[in-house]
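Novice: Pasting the sequence and the predicted coordinates here, then a few questions.
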Amino acid sequence: MNERLDGDAVARMVAALSRADLGDPRRVVRAQKVVARLAATPDVSLPEAMVTETELEGAYRLFNNDDVSFERLFDAHAWAAADRARECGQVLAIHDTTTCAFRHADPREVGYLNTGKAGFLLHLTLVLDTKDWCRPLGLTHAEVLSRSKRPRRGKSKHTMTGFQTKNLANREFLRWKRGISITETRLEQSAASVIHVADRESDSYELMATCLAAKHRFIFRARCCRTVDRDGENVGIRDFVAEEGRVVLEREVPLSRRLGATLPAKRKAHPPRESRIAKLCFSTTKVTLRRPNIVSARDAPRTIDINAFHVFEPDPPAEQEPVDWLLYTTEPIGTRRQIEDVVDFYRCRWQIEELNKALKTGCVVQERKLESLDALMTMLALSLPIAVELLALRTLARSDETAPAMAVLSQEALNALRHVSHRPLPARPTIQDALWCIAGLGGHIKNNGPPGWQVLQRGMEKFVAFAAGWQAHAQADL
């Protein structure tokens with residue numbers, strides 16, 4: 001498992017960075033060395049990862065160099081991801097925004113979060129292959145949104161007015177349009193058909209109208225309680241779909257465990273839940289949505305026609321919130337297969353949540369002791385490809401437990417793992433067998449369920465060190 005991070009995965013990241021325009025080829029070489037070190041042990045501190053003082057000093061110079069920008073580093077990865085999409089035919093583009101908090105930093109340097117502390121919003125677009133275990137191909141868009149002013153609280157002279165806050169929210173919402181537009185541009189050359197998938201934050205009449213006008217395919221989850229016109233009467237969209245739609249499919253779907261949002265305002269939308277197999281019902285219909293009053297006529301047409309898709313759980317377990325999704329989609333919903341595809345495509349959205357965990361927990365980007373926004377963004381640009389590779393690694397193990405470990409590990413690496421692991425490794429191990437052994441090195445207990453990012457990283461670090469020594473010993477005996 002970790003051999004892939006040291007070998008093929010690192011080779012892909014290093015090759016992608018060769019495209020970066022950093023003004024001097026020596027900076028490109030330095031960036032490649034830094035990312036290789038970080039990939040080997042992504043969860044350790046920067047001084048530990050860089051090994052020597054010379055490497056550490058070079059890394060700090062790279063992070064603080066004005067010619068080494070987030071955009072230049074990330075673009076190299078994004079175009080490499082677009083190249084990989086060329087072989088897939090059809091891909092999903094998963095859009096999401098996460099919060100990056102930096103407890104050690106000064107918000108006047110890094111930016112303000114809603115809490116008033118240091119941090120910024122990170123908007124990402126992750127591309128997945130629809131035909132190969134939803135394999136993560138890479139990121140086509142990444143955007144940092146840093147707020148230079150303290151959020152509105154009390155009567156501080158640093159507060160923003162209501163008008164400023166509204167304008168800020170409007171400007172920040174444009175990230176969804178930019179993510180879709182940039183992704184379409186990058187994938188246009190690869191000739192890959194793309195379906196955009198996003199959660200409730202993306203629910204916008206103007207955004208859907210823009211996508212429809214540009215013939216972009218999408219599956220967006222509804223947040224707003226919209227109304228539709230039925231015989232001159234305004235009817236809530238959920239009531240309309242429940243009355244006009246028909247239940248066309250019932251299906252059992254595994255739901256993962258969720259801890260729930262920490263903030264009270266978000267906990268209602270994202271309550272905690274235990275893992276379970278849910279029996280879901282699906283009803284579909286076509287709807288005509290009317291332009292909201294807050295959207296001007298120059299920004300969107302008076303009405304748009306869209307497919308509405310209601311997913312609900314009629315009999316949830318006691319004290320558990322039922323599944324209740326309302327999706328808007330351009331995808332056809334005429335057959336059972338088409339309906340199942342929409343459901344499965346939307347359920348792939350969890351991958352970007354896992355990517356955020358890989359970035360924050362696996363690559364510990366929030367723990368990097370860098371002071372300036374530019375330096376943190378440079379570190380972020382080098383960490384994002386590593387997080388994608390970590391996600392791909394665990395996704396394969398979870399999606400196909402019977403896949404042979406030889407798909408990602410050489411025979412020499414398997415021999416080393418068999419020797420160092422306190423858990424037995426079968427003669428013909430699967431990728432899941434290798435995952436359990438590596439997790440065991442990190443202190444994982446099987447009764448605790450699937451291993452998390454931190455325990456995997458601890459196990460991978462130990463495995464890397466042992467495998468390197470094992471290989472050196474084998475070469476010395478030749």
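Specialist: It's in.

Novice: CA only for contacts and neighbour counts going forward, please
Specialist: Fine.

Novice: Show the low-confidence segments of the stretch 151-300 of the chain, by residue range.
Specialist: Applying pLDDT under 70 to the stretch 151-300 of the chain flags the ranges 152-170, 190, 232, 257-270.

Novice: Let's see that with 80 instead.
Specialist: Within the stretch 151-300 of the chain, the stretches with pLDDT under 80 are 151-171, 189-192, 225, 227, 229-235, 238-239, 242-249, 252-276.

Novice: Would you state the helices of it in chain order?
Specialist: For the stretch 151-300 of the chain, applying DSSP state H, counting those that start in this stretch gives helices covering 162-188, 205-213, 237-244, 264-267.

Novice: Do I have it right that S372 meets G111?
Specialist: No - at 9.8 Å, S372 does not count as touching G111 under the criterion of CA atoms under 8 Å.

Novice: So for these two, which sits in the more crowded spot?
Specialist: Neighbour count, other CA atoms under 10 Å: between S372 and G111, G111 has more, with 24 against 17.

Novice: show me what contacts the more buried one?
Specialist: Contact partners of G111, counting by CA atoms under 8 Å, 6 or more residues apart in numbering, are 118-120, 146-149, 373.

Novice: Next: H422.
Specialist: 437, 440-441.

Novice: One more: R398?
Specialist: Q432.

Novice: any idea of the mean pLDDT for the strand or helix carrying it?
Specialist: Applying DSSP states H and E as the criterion places R398 in helix 373-399. Here helix 373-399 scores 87 as its mean pLDDT.

Novice: Highest neighbour count among the contacts of H422?
Specialist: Busiest of the contacts of H422 [other CA under 10 Å] is C437, holding 25 neighbours.

Novice: from the chain's centre, how far out does the host helix or strand of that one sit?
Specialist: Per DSSP H and E, C437 falls inside helix 431-441. Distance of helix 431-441 from the chain centroid (CA atoms, centre = their mean, to the nearest Å) equals 24 Å.

Novice: Stretch 310-325 now?
Specialist: The chain centre lies 25 Å from the centre of stretch 310-325; the measure is CA atoms, centre = their mean.

Novice: gap between the two ends of that stretch?
Specialist: Distance between the two ends of stretch 310-325: 6 Å, counting by CA to CA, to the nearest Å.

Novice: again with stretch 64-78
Specialist: End-to-end distance of stretch 64-78 (CA to CA): 22 Å.

Novice: Show me the contact partners of it.
Specialist: 13, 16-23, 27, 62, 138-142, 186, 374-375, 377-378, 380-382, 385.

Novice: Show me which of those residues are buried.
Specialist: Neighbour-count burial (16 or more other CA atoms under 10 Å) applied to the contacts of stretch 64-78 gives 13, 16-22, 27, 62, 138-142, 186, 374-375, 377-378, 380-382, 385.

Novice: Domains in this structure, by residue range?
Specialist: Split into domains by automatic domain parsing, the chain comes to 2-67, 70-374, 400-476.

Novice: now the first one, how far from the chain's geometric center?
Specialist: Here the centre of mass of C-alpha atoms in domain 2-67, compared against the chain's by CA atoms, centre = their mean, lies 22 Å away.

Novice: Can you check the pLDDT for the residue positioned nearest the centre of the chain?
Specialist: Geometric centre of the chain, nearest residue: I352, 2.4 Å, by CA atoms, centre = their mean. I352 is assigned a pLDDT of 95 by the prediction.

Novice: How about the contacts made by it?
Specialist: Contact analysis of I352 by CA under 8 Å, 6+ apart lists 94-96, 126.

Novice: mind putting the domains of the chain in CSV, distance to L390 included?
Specialist: Formatted as CSV, the domains of the chain follow (distance: least, CA to CA, whole Å):
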stretch, distance to L390
domain 2-67, 8
domain 70-374, 7
domain 400-476, 9
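
Novice: Of all those, which one is nearest R394?
Specialist: domain 400-476 (8.2 Å; CA to CA).

Novice: Tell me how far the closest residue in space to L128 that isn't next to it in sequence lies from A387.
Specialist: Once flanking residues are discounted, L128 sits nearest to P136: 4.5 Å by CA to CA, 6 or more residues apart in numbering. Distance of P136 to A387, computed by CA to CA: 10 Å.

Novice: In terms of packing, which of those two has more residues around it?
Specialist: P136 (28 against 24).

Novice: show me the contacts for the more buried one.
Specialist: Listed by CA under 8 Å, 6+ apart, the contact partners of P136 are 126-129, 388-389, 391-392.

Novice: For R200, state which of these is nearest.
Specialist: Using CA to CA, these come closest to R200 at L126, 16.9 Å.

Novice: for stretch 460-469, what is the average pLDDT?
Specialist: Stretch 460-469 shows a mean pLDDT of 74.

Novice: and if you look at stretch 433-453?
Specialist: For stretch 433-453, mean pLDDT rounds to 81.

Novice: Would you mind listing the buried residues in that stretch?
Specialist: Going by 16+ other CA under 10 Å, stretch 433-453 has these buried residues: 433-442, 444, 451-453.

Novice: residues making contact with it?
Specialist: 1, 357-358, 361-362, 397, 405, 417, 421-426, 455-460, 462-463.
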